[in-house]
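>>> Here is my input; please provide its structure:
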Amino acid sequence: MRRALCGLGLGLGLMIAVVGAPASAEAHDAYDDSESNPLRLVAYLLHPVGFATEWLVMRPIHFAVSQPQLERVFGHVPHEDPFSSDPYRGEESDLY
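Numbering: from 1, shown residues only. Below is the predicted model of the structure:
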């Protein structure tokens, strides 16, 4: 009996310490009116699906079709270099 009361007292003391401890409530960012739109809840649910689809489906497909040996088969055209001001002109530009 004494052991049960000691355990109960210890549990109650820990609970009071945790509940009574000061805690700061801070958000990661400020709330604004864009979060009040009900469609935002739908976006919160759909965004992970789109993210997973991009990384698990679309990027592997792009990797496969953008191989130099297969570009012509799939009609893939390389993108221009984002760090250059010269647009991509393709293989035909080497002829001129």
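>>> can you pull out the helices in the protein?
Along the chain, the stretches classed as helices by DSSP state H are 2-20, 39-53, 59-65, 71-74.
>>> As JSON lines, the ones you listed with mean neighbour count, distance to residue 32 and mean pLDDT would be great.
C-betas here are computed from N, CA, C, even on glycine. Shown next, in JSON lines, are the helices of the chain (neighbours: other CB atoms under 10 Å; distance: least, CB to CB, whole Å; pLDDT from 0 to 100):
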{"stretch": "helix 2-20", "mean neighbour count": "9", "distance to residue 32": "32", "mean pLDDT": "76"}
{"stretch": "helix 39-53", "mean neighbour count": "10", "distance to residue 32": "11", "mean pLDDT": "94"}
{"stretch": "helix 59-65", "mean neighbour count": "11", "distance to residue 32": "32", "mean pLDDT": "94"}
{"stretch": "helix 71-74", "mean neighbour count": "11", "distance to residue 32": "44", "mean pLDDT": "92"}
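>>> how about those in CSV, adding distance to residue 31?
What follows is those, written out as CSV (distance: least, CB to CB, whole Å):
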stretch, distance to residue 31
helix 2-20, 26
helix 39-53, 12
helix 59-65, 33
helix 71-74, 46
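>>> how near is residue 39 to residue 11?
To residue 11, residue 39 is 45 Å away according to CB to CB, to the nearest Å.
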